[in-house]
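# just the structure for this:
(one chain, ligands or ions: 1)
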Amino acid sequence: MCGIVGYLGDKNTKKILLDGLKELEYRGYDSAGIAVLQDGDFQSYKAVGKLLNLEEKTKDFITEKFAVGIGHTRWATHGKPTELNAHPHLGESSYVVHNGIIENYAELKKELQDDGVTFLSQTDTEVIVHQFEKNLQLTSSAFEAFEKTISELEGAYAILLVTKGESETIFFAKHGSPMLVGIDTQNDKYFASSDTPLIGHCSDVNYFDDGDYGYVTKEHIVVFDKEKQQKEPQFTKLATNKLSAQKDGYRFFMEKEIYEQSDVIADTLLGRVNDTEILFDELEDEFFNGIEEIKLCACGTSYHAALSASYLFERHSKIKTSVEIASEFRYREPIMHQDTLFVVISQSGETADTLETLKMAKNAGLKTLVICNVDNSSMVRLADASILTRAGVEKGVASTKAFATQVSIFWMLSLYLAQLRETLSREMIQEQITLLRAVPAAVKVDDTTHERIKRLSKRYLHGHGFFFIGRDIFFPLALEGALKLKEISYLHAEGYPSGEMKHGPIALADPELFTIALLPQNLLYEKTKSNVEELSARDSTICAISPITFDKADDFIQTKHHTSYMLEFFEMMVVVQLLSLEISVRLGNDVDMPRNLAKSVTVE
Ligand code: F6R
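Numbers count the residues shown, from 1 in each chain. All right, here's what the predicted structure looks like:
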């Protein structure tokens, strides 16, 4: 997602900022910008798209003496990826860059507008700089104004701010979004939102704690904690390997992305869920008018998310829903009616087969929607409407957080439709909203569970096959679990509806057939349990995933007692992801780049 850099010193500020932003490219972004204050004057440059565009714009800009500078790569959340919405944001005489979300921005913006302040962007960030400048009038120093501003912000942030009145200072604050500062041997100061931009410049860095704020000058780094007490920065050694720094201490990107799911789902929900209703600003009110049916089309993991959605659309929105594998759909001369909403789902927005089906639906005059993680991708540009999943860049080839955010969007969309079609009562919608808000907590990786999975993974490195089984929406999750395992362990695995096993596959049952059974307590528990018992009776090796102890299992991974099957779904999703990861690690495979696979499949 977004990235921040900052620099104060005598070296080439422009180069340090741009190089720093390049190191953050892997996080994904859609626009970028820098602001540099030297000789008492600001220069600021912004560009949409790749950093090359920003480099081109700044090619005649020279910074060869003392300067302070801040830079940012933006992944759009509030407002489109445009130059106006790119950071740094300008007030009268100050610039700010920000990662995170200012939750009370609308209220602050309203007050500022009432005071006559004009806003140029649609972002939440811009309120910070205007609020700071308002506070400059009310306080006796820029630092006091900054401190007051921070105390007025609600939400999550990492902020750097520079202002003309204090032209040799960078103000900073961190609350809920990462930020660190480092010094080099000439005492120049460097900021960033993750390690990599500082590698090669600084050997020691201070990672700010939540609630830290303060300022740096040529001589000092002054840090206050959340109680407004001054504290000494704590310097630690900086990693020297950039790739491992990008992994934030995790062994693999896939592992990092599994752990990130709680944060990215919180981003997915942001602004789309309030206490009583689901909102999708990106959809026109009349978008669903005349729609009697939904057809979902995708490939791979995105197809599994679509299958999960079909249960939710029919259950919550009472709308007929069908799901298609894109590579099949495109050649089978499908019948398409104009009362059908055609929805494509794609992490990348570039998958050739899915893109083709979108074109077919458009040509047939259907209304189209894309659920996608990449703004400005081919599908987003082509579809009538798009909903971005906000998962951030996914580097592991085996998709994890993209799937988690796709299902979260579908759950919200099923409720949004239920609101429109009045298929669920207000009370039921509110109940669902409470559950939705509990998803970020449900997918937080529990250390004990991860340790348990690590230990028991050693028993699942051979055998003649795996069956992941489940019922209802746990069937697509079983498919997804099996796909994850196949992709990174190279072991044969299938996902199956548990009730279907006795119609053939049970013939394979023996101790070398591993059954991974998804046994949620809130959905068809007894039915699924008896299917697992049938397998157990035939001596298949069973690994049961359930909140309820299951004595017929050889291995048991206990999940929490949730009040809804959807929270069980999300927790079990993490369990199957971790199980695949740990089996792959034990087999010595390249977890992040499995053989024969590509992240974006742009050929059919
Ligand atoms: C599996 C995986 C793939 C993709 C599929 C579609 O882990 O990532 O199965 O889901 O190639 O890709 P997108 O979602 O980009 O259309």
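# apart from its chain neighbours, what residue comes closest to the residue of the stretch 251-400 of the chain found nearest the ligand?
Evaluated by C-beta to the nearest ligand atom, the stretch 251-400 of the chain has residue 300 as its residue closest to the ligand, separated by 1.9 Å. No exception for glycine: its C-beta is placed from N, CA and C like everyone else's. Closest residue to residue 300 apart from its sequence neighbours, by C-beta to C-beta, 6 or more residues apart in numbering: residue 483 at 6.8 Å.
# residue 304 too?
The shortest distance from residue 304 to any residue other than its chain neighbours is 4.2 Å, reached at residue 480 (C-beta to C-beta, 6+ apart).
# so which bits of this structure are right by the ligand?
Counting by C-beta under 6 Å from any ligand atom, the chain comes close to the ligand at 299-302, 346-348, 351, 354, 398-399, 483, 487, 600-601.
# where's the dip in pLDDT among those residues?
Least confident entry in those, by pLDDT: residue 600, with 70.
# residue contacts, it?
For residue 600, the contact set (C-beta atoms under 8 Å, 6 or more residues apart in numbering) comprises 348, 350-351.
# quick one on the thing from earlier: same for the helix or strand in which the residue nearest to residue 300 is found, what does it pack against?
Per DSSP states H and E: residue 483 is located in helix 474-489. Counting contacts by 3 or more C-beta pairs under 8 Å, 6 or more residues apart in numbering; DSSP states H and E, helix 474-489 is packed against helix 300-312, strand 465-470, strand 493-497, strand 513-518, helix 565-586.
# give me the angle between the third one and helix 474-489.
Put plainly, it is strand 493-497. Relative orientation of strand 493-497 versus helix 474-489 (axes from the mean of the first three to the mean of the last three C-alpha atoms, to 10 degrees): 180 degrees.
# ok, the second one next?
What separates the directions of strand 465-470 and helix 474-489 is an angle of 150 degrees, with the same axes, to 10 degrees.
# what mean pLDDT would you report for strand 465-470?
The average pLDDT within strand 465-470 is 96.
# then it to PDB, C-alphas only?
What follows is strand 465-470, C-alpha atoms only, in PDB (Å, rounded to 0.1, in the frame of the first residue of the first chain):
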ATOM      1  CA  GLY A 465      -3.400 -37.800  -1.900                       C
ATOM      2  CA  PHE A 466      -5.200 -35.200   0.100                       C
ATOM      3  CA  PHE A 467      -9.000 -34.600   0.200                       C
ATOM      4  CA  PHE A 468     -10.000 -31.300   1.700                       C
ATOM      5  CA  ILE A 469     -13.700 -31.700   2.500                       C
ATOM      6  CA  GLY A 470     -16.500 -29.400   3.600                       C
END
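# contacting residues around the residue nearest to the spatial centre of the chain?
Centroid check for the chain by C-alpha atoms, centre = their mean gives residue 391 as the closest residue, at 2.3 Å. If you count contacts by C-beta under 8 Å, 6+ apart, residue 391 has them with 264, 268, 347, 373, 401-402, 404-405.
# and the residue lying closest to it once chain neighbours are set aside, what's its pLDDT?
Using C-beta to C-beta, 6+ apart and skipping the chain neighbours, the partner closest in space to residue 391 is residue 405 (4.3 Å). You'll see residue 405 listed with a pLDDT of 98.
# could you do residue 80 as well?
78.
# each with direction, which strands does the host helix or strand of residue 322 pair with?
Residue 322 is part of strand 320-325, with elements assigned from DSSP H and E. Sheet pairing of strand 320-325 (DSSP bridges) gives strand 293-298 (parallel).
# between the partner strand and helix 300-312, how many degrees?
Inter-element angle recorded for strand 293-298 and helix 300-312: 160 degrees (by the same axes, to 10 degrees).
# domain parsing for this protein?
With domains defined by automatic domain parsing, the chain comprises 3-237, 245-440, 445-604.
# now the helices and strands packed on helix 474-489 in CSV, with mean neighbour count?
CSV is the format used below for these (neighbours: other C-beta atoms under 10 Å):
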stretch, mean neighbour count
helix 300-312, 25
strand 465-470, 26
strand 493-497, 21
strand 513-518, 26
helix 565-586, 24
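# show me which of the contacts of residue 391 is closest to residue 50.
Proximity of the contacts of residue 391 to residue 50 (C-beta to C-beta) peaks at residue 373, which lies at 17.5 Å.
# just checking, the closest one touches residue 386?
No - using C-beta atoms under 8 Å, residue 373 makes no contact with residue 386, being 10.6 Å away.
# quick one: the helices in the stretch 351-500 of the chain?
352-363, 378-382, 401-421, 426-437, 439-442, 447-456, 474-489 (DSSP state H, counting those that start in this stretch).
# for the stretch 151-300 of the chain, same thing?
Assigned by DSSP H, counting those that start in this stretch, the stretch 151-300 of the chain shows helices spanning 242-246, 253-269, 300-312.
# quick one: those helices as a markdown table, columns for distance to residue 491 too.
Listed next are those as a markdown table, based on distance: least, C-beta to C-beta, whole Å:
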| stretch | distance to residue 491 |
| --- | --- |
| helix 242-246 | 27 |
| helix 253-269 | 16 |
| helix 300-312 | 18 |
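# could you tell me the least trusted of these?
Note on the helices of the stretch 151-300 of the chain: helix 242-246 shows the lowest mean pLDDT, a mean of 73.
# list of residues touching it?
Here helix 242-246 makes contact (C-beta under 8 Å, 6+ apart) with 23, 26, 194-196, 199, 238-239, 253.
# one more: stretch 420-440?
With C-beta under 8 Å, 6+ apart as the test, stretch 420-440 has contacts from 262-263, 265-266, 269, 273-278, 288, 316-319, 408, 411-412, 415, 417-419, 562-564, 566-567, 570.
# filter those residues down to the buried ones, PyMOL style.
To isolate the buried members of the contacts of stretch 420-440 in PyMOL, using 16 or more other C-beta atoms under 10 Å:
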select buried, resi 262+263+265+266+269+273+278+288+316+317+319+408+411+412+415+417+418+419+562+564+566+567+570
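# what's the farthest-apart pair in the contacts of residue 391?
Applying C-beta to C-beta across these, the maximum distance is between 268 and 347, 13.1 Å.
# what helix or strand does residue 107 sit in?
For residue 107, the host element (DSSP H and E) is helix 105-114.
# just the angle between whichever helix or strand comes after that helix and helix 105-114, please?
As assigned by DSSP H and E, the chain's next helix or strand after helix 105-114 is helix 126-138. The directions of helix 126-138 and helix 105-114 differ by 50 degrees, with the same axes, to 10 degrees as the criterion.
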